[in-house]
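In: A structural model of the following input is requested.
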Amino acid sequence: MHLKLKTKVGQDFLSVKDGFNEELFLSLNPPFPPVKLKEFGGCNKGDKVHLELNFIFFKQDWISEITFDNTSQSVFEFVDEGTKLPFFLKLWKHHHIVEKTEENQSFIIDDIRFKSPFILMDFLLYPVLWLQFAYRKPIYRRIFKS
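Out: This is a model prediction of the structure:
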């Protein structure tokens with residue numbers, strides 16, 4: 001399945017790039033499930049991010065590796081791909097894109113491809129994941145305001 005959300009923010013794309021750090025990552029986590037950050041390597045190819053999701057009665061590890069990163073004169077982007085995923089996912093590929101729009105404005109784009117073990121579960125996960133990423137939009141706007 002494919003999910004894509006786009007958020008306009010009030011900072012230039014290089015300032016936004018500098019803000020893609022551990023502090024931002026922690027502030028973007030929704031209230032449920034609670035997430036423990038076990039490792040944050042960064043946003044460069046080869047870096048790893050390791051999360052522990054707490055579903056109250058059980059915990060699940062989520063490990064992603066940054067498989068691509070690029071910075072040009074108008075875009076900053078990187079891709080994280082799940083290498084160890086919770087039971088309800090079998091594929092995760094998240095393309096983070098920050099596009100220059102104007103002098104002091106950018107678009108942050110979350111472009112996500114995911115698969116669960118069952119096609120029906122894909123359709124059930126879609127609105128849940130959409131809500132979790134829509135939750136990020138006001139946080140992005142607040143953190144990256146002019």
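In: quick one: secondary structure of the residue in the chain sticking out farthest from the centre?
Out: In the chain, Phe57 marks the outermost C-alpha relative to the chain mean, sitting 25.1 Å out by CA atoms, centre = their mean. Three-state assignment for Phe57 (DSSP: H, G, I helix; E, B strand; the rest coil): coil.
In: and the gap between it and Pro31?
Out: Applying CB to CB, to the nearest Å, the value for Phe57 to Pro31 is 17 Å. Any C-beta I mention is one placed from the backbone N, CA and C, and that applies to glycine too.
In: which residue ranges of this protein form helices?
Out: 13-19, 22-27, 119-134, 136-143 (DSSP state H).
In: for the first one, buried residues please.
Out: So that's helix 13-19. 13, 16-17, 19 (16 or more other CB atoms under 10 Å).
In: circling back: what pLDDT does the residue farthest from the centre of the chain get?
Out: Phe57 is assigned 89 on the pLDDT scale.
In: and it, backbone torsions?
Out: Dihedral pair for Phe57: phi -90, psi -10, per degrees, to the nearest 10.
In: shouldn't Tyr135 be in contact with Ser27?
Out: No - using CB atoms under 8 Å, Tyr135 is not in contact with Ser27, being 10.7 Å away.
In: shared neighbours of those two, anything?
Out: Common contacts of Tyr135 and Ser27 (CB atoms under 8 Å, 6 or more residues apart in numbering): none found.
In: can you tell me the closest non-neighbouring residue to Arg141?
Out: Using CB to CB, 6 or more residues apart in numbering and skipping the chain neighbours, the partner closest in space to Arg141 is Val9 (5.8 Å).
In: thank you, goodbye.
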